[in-house]
Structure formats: C-alpha cells, structure tokens
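**Student:** everything below, folded, please.
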Amino acid sequence: MDTDDGSTETGITDDGPAGDDDGVDRPTVGEAVVDCLLDHGVEVAFGIPGKQTLPLNRAFADRDARFVVARHETAVTHQAWGYAESSEPGTMAATVVVPGPGDMNAMNGLKNAKNDCVPLLHLAVETERDVRGGDGIHETPPATYDTVVKENVLVESPAGAVAAVADAIRVARQPPQGPVRVG
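**Tutor:** Numbering: from 1, shown residues only. Below you'll find the model as predicted:
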C-alpha cells in the first residue's frame, strides 16, 4: 500500500487533511483506509508501528479503532488468525506491517490462515515509490507472497488504496476464505 505524500484526484492526502477549493477537508490515505476497514466490519488490527506504517497507526488512534501491538511480525499474523478463528463466523482482522523484514516475518501466519481458510486482511505498507525496483533496503518483490495468500494486490497510487482494501476484504470473505495481502 503506497503512502507517498501528495494529494490525488480523489483529494486523499497522506500528510494530513487537505482543504480543497470547496473548503472541504479530505482524509489522509491512512484515515480513508481505516474508515474503509470499519465500514466493512473489520474492527481490530494487529501490528507493529514503524516508519512506513505511522499514517495508518495515527488513523487508528484518531478513530479510536482497536490496534493491538505485537512484539514481532510473526506474532502479528498469528494473533489475527487466532482472533478471526475464535470469533463469530465471518469475523476478520487486519494486520499492519512494515515492508521487507516485517512483511517476510508475517508469512508463516498468512500461510496458516490460508491453509485453514481464515479471512485476514494483510496491509503491507510498501517502500517509497522512488526507491522501488532497485533492491533497496526493505524491498521484497511482491510475488514473494503469492503462495501464502489467497490474493496479492499491489496498490500503485494513493488514489487506489481504498478501493483495493474494500475489494481485498470482499475477496478474503468469499469461499474459500483466506488472507489477502494489500501492498
């Protein structure tokens, strides 16, 4: 999920609410994504705050949404998997991880959720757009995750983040249920 700064055609920004010519404040990408989660009944997320996830972490806090902090990314996906597995049918959780090592450490829990047909939304914040494709630190090819998730969605711009998250939630809940990675 790309959280590059700058406003988009939809008016979503990443650096805070932005007034438009009509005087209406627009949500940040993080705020819009958290609103989407809540609108679709995803009421809890598990994760570890990091540089790239701070806009999402801020949005969870601003909306008084439940964000459970873990000590390691491996625990993040296992906690979300256990939460969804032990809750009412159809309940799902989200995970929020930093790119590269954080995302890679989450793979075991994603594979377990896929094997057990447990719906999860894995929000893998990507590296900044200007350093992608050059084997930069914390960069992992998105295809790395294809075997451990039901679907792997790459968001190319901030404007596409909310639609990608909404679609990922729908896909995760469709039989056979399973984890969907949005990066």
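**Student:** below-threshold pLDDT in the protein: ranges please.
**Tutor:** Filtered on pLDDT under 70, the chain yields the residue ranges 1-23, 127-138.
**Student:** can you pull out the helices in it?
**Tutor:** Using DSSP state H, the helices of the chain run over residues 29-39, 54-62, 73-86, 101-105, 107-115, 161-173.
**Student:** now the third one against helix 107-115, angle please.
**Tutor:** With axes from the mean of the first three to the mean of the last three Cα atoms, to 10 degrees as the basis, helix 73-86 and helix 107-115 are set at 20 degrees to each other.
**Student:** what's the residue nearest the centre of the chain in contact with, if anything?
**Tutor:** When Cα atoms, centre = their mean is applied to the chain, the residue found nearest the centroid is L123 (1.9 Å). Contacts here follow Cβ atoms under 8 Å, 6 or more residues apart in numbering; on that basis L123 touches 1, 33, 45, 47, 56, 94-97, 165, 182-183. The C-beta positions use only the backbone N, C-alpha and C, and glycine is treated the same way.
**Student:** then N108?
**Tutor:** Residues near N108 by Cβ under 8 Å, 6+ apart: 74, 77-78.
**Student:** from these, which is closest to E156?
**Tutor:** T77 (24.3 Å; Cβ to Cβ).
**Student:** do you know how far the closest one is from V42?
**Tutor:** Distance check for T77 against V42: by Cβ to Cβ, to the nearest Å, it reads 15 Å.
**Student:** please apply the same query to A172.
**Tutor:** Using Cβ to Cβ, A172 is found at 9 Å from V42.
**Student:** same question for R58.
**Tutor:** 18 Å.
**Student:** show me which of those two is the more surrounded one.
**Tutor:** Applying other Cβ atoms under 10 Å to R58 and V42 shows that V42 carries more neighbours, namely 22 against 16.
**Student:** give me every residue that touches the closest residue to the more buried one other than its chain neighbours.
**Tutor:** Nearest residue to V42, sequence neighbours excluded (Cβ to Cβ, 6 or more residues apart in numbering): A94, at 5.3 Å. Each residue near A94 by Cβ under 8 Å, 6+ apart is listed here: 37, 42, 44-46, 80, 120-123.
**Student:** of the residues you listed, which is the nearest to L110?
**Tutor:** When the contacts of A94 are compared for distance to L110 (Cβ to Cβ), H122 comes out closest, at 6.0 Å.
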